[in-house]
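*Asks:* below is the sequence, then the predicted model.
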Amino acid sequence: QVQLVESGGGLVQAGGSLRLSCLASGRIFRIDVWNWYRQAPGNQRELVATITTGGITNYADSVKGRFTISGDNAKTTVYLQMSSLKSEDTGVYYCNAGGLLTSWPRTAFASWGRGTQVTVSS
């Protein structure tokens, strides 16, 4: 009922930058929180960054000062600006969003995108 589509991944050299996007569509009444997760081969999925509808952000210690999460005014897209990339940032980046559907009574949802690959070469 809610689709999330990530884009913007790719191959970049260490020290470079990438900007990921996540577009939400479907029966969305409201998105309350957006998250970016990543998963490296052999590792568990980890939370990288969060932004709430009020604009409150939170970051994993490993990316603080290098990554910035933001949303658009229409509240249908979230971005992850990644700078000073390191080889350990390599992985599949997933978008996750939670909020309410347009159904009545309001029903909560939590959806995931399929991920976008980020590879940082050293």
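*Replies:* It's in.

*Asks:* C-alpha from now on. contacts and neighbour counts both.
*Replies:* Noted.

*Asks:* Val33 against Cys95, yeah?
*Replies:* No - in this structure, Val33 is not within contact of Cys95 by CA atoms under 8 Å, at 10.8 Å.

*Asks:* who has more neighbours, these two?
*Replies:* Neighbour count, other CA atoms under 10 Å: between Val33 and Cys95, Cys95 has more, with 28 against 18.

*Asks:* I'd like to know how far that one sits from Ser122.
*Replies:* 25 Å (CA to CA, to the nearest Å).

*Asks:* for the residue nearest the centre of the chain, what are its contacts?
*Replies:* Centroid-nearest residue in the chain, with CA atoms, centre = their mean: Trp36, separated by 2.8 Å. Contact partners of Trp36, counting by CA atoms under 8 Å, 6 or more residues apart in numbering, are Leu47, Val48, Ala49, Thr50, Leu80, Tyr93, Tyr94, Cys95, Asn96.

*Asks:* cross those against strands and list the overlap.
*Replies:* The strands, defined by DSSP state E, take in Leu47, Val48, Ala49, Thr50, Leu80, Tyr93, Tyr94, Cys95, Asn96 from those.

*Asks:* got a list of what the third one touches?
*Replies:* So the one you mean is Ala49. Applying CA under 8 Å, 6+ apart, we find Ala49 in contact with Asn35, Trp36, Tyr37, Thr57, Asn58, Tyr59, Ala60, Thr68, Ile69.

*Asks:* likewise the first one?
*Replies:* For Leu47, the contacting residues are Asn35, Trp36, Tyr37, Arg38, Ala60, taking CA under 8 Å, 6+ apart as the criterion.

*Asks:* rebuild the residues you listed as JSON lines, extending it with secondary structure, distance to Lys75 and pLDDT.
*Replies:* Shown next, in JSON lines, are the contacts of Leu47 (DSSP: H, G, I helix; E, B strand; the rest coil; distance: CA to CA, whole Å; pLDDT from 0 to 100):
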{"residue": "Asn35", "secondary structure": "strand", "distance to Lys75": "13", "pLDDT": "98"}
{"residue": "Trp36", "secondary structure": "strand", "distance to Lys75": "15", "pLDDT": "98"}
{"residue": "Tyr37", "secondary structure": "strand", "distance to Lys75": "19", "pLDDT": "98"}
{"residue": "Arg38", "secondary structure": "strand", "distance to Lys75": "22", "pLDDT": "98"}
{"residue": "Ala60", "secondary structure": "coil", "distance to Lys75": "23", "pLDDT": "98"}
